[in-house]
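1. structure for the following, please:
(one chain, ligands or ions: 1)
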Amino acid sequence: MKKGLFITFEGPEGSGKSTQSKLLFGFLKKLGFEIYHTREPGGTAIGEKIRKLLLDISNSNMAQETELLLYLAARRQLIEERIKPELKKGRIVICDRFQDATMAYQGYGLGMDKKLIRFLGALVTDAVIPDITILLDIRTEKGIKRAKRDDRIEKRSLEFHRRVRRGYLELARKEPSRIRVIPVSGGISKTQNLIRKVALNGIKRSNISGSRPKAS
Ligand code: TMP
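-> This is a model prediction of the structure:
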């Protein structure tokens, strides 16, 4: 079966994930790779509706379990509609956030049962695991200052966001070959260069078929 390469971007608020993932997308596309970019929660019509529900500050009474299940529901839809078909075609898929975000935010941040999150995660991801996860790391206070939105999750306490960051770093310690921590302190282009190195190494190790870089 043809198999592409699945790259996810993770990080606490204000880490510059979407800027960096879009830059990587543009870079790899220019090299001639067939590549698909998406985000979580969202990326499908259903997922974008779920995203609105999740981020809406007027939903302040949302139960933790409702929140968890909505993130997972959006993920399931994205996997079925987009991620699996794109990977099957042998493409590179870049996704802003994935299952690690649920572990970091709902597991470490909210303190929900991590075993349950792992179990439900396995159910919805259906063995789709990122080949490479870029974890952009930033000090919590700095990240919160840089974050532009003021949504239901971002508005949570500094202590919540500290737990999220610690959670991400712990996940990276557990899976160092998949989750690569990249500090964002060096600025946008320096960070992007580090990301490109990690991505190109991953591509070299993979056997992406049908995606060949044009001679540069
Ligand atoms: P974004 O900042 O990447 O657009 O993500 C939207 C928010 O949703 C962000 O605050 C992180 C949060 N989130 C979770 O809490 N759990 C999840 O599983 C995912 C994917 C995102």
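2. just the pLDDT at the residue nearest the centre of the chain, thanks.
-> Residue closest to the average C-alpha location in the chain (CA atoms, centre = their mean): R97, at 1.7 Å. Looking at R97, its pLDDT is 98.
3. nearest spatial neighbour of it, skipping sequence neighbours?
-> Once flanking residues are discounted, R97 sits nearest to E40: 4.3 Å by CB to CB, 6 or more residues apart in numbering. Where C-beta positions appear, they are placed from N, C-alpha and C, glycine not excepted.
4. can you check I50 too?
-> A74 (4.2 Å).
5. residue contacts, that neighbour?
-> Counting by CB atoms under 8 Å, 6 or more residues apart in numbering, A74 touches 40-44, 46-47, 50-51, 54.
6. thinking again about what came up before, what sits against the residue nearest to the centre of the chain?
-> 8-10, 17, 39-41.
7. now, among those residues, which is nearest to the ligand?
-> E40 (4.1 Å; CB to the nearest ligand atom).
8. spell out which residues of the protein are next to the ligand.
-> For the chain, the contact set with the ligand under CB under 6 Å from any ligand atom comprises 13, 17, 40-41, 71, 96-97, 101-102, 105-106, 153-154.
9. among those, which lie within strands?
-> The strands, defined by DSSP state E, take in D96 from these.
10. export the residues of the chain next to the ligand to a markdown table and tack on distance to V184?
-> Shown next, in a markdown table, are those (distance: CB to CB, whole Å):
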| residue | distance to V184 |
| --- | --- |
| E13 | 12 |
| K17 | 9 |
| E40 | 20 |
| P41 | 22 |
| Y71 | 24 |
| D96 | 15 |
| R97 | 16 |
| A101 | 17 |
| T102 | 22 |
| Y105 | 19 |
| Q106 | 23 |
| I153 | 19 |
| E154 | 17 |
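11. what about the strands in the protein?
-> Going by DSSP E, the chain shows strands at 5-10, 35-39, 92-96, 132-137, 179-183.
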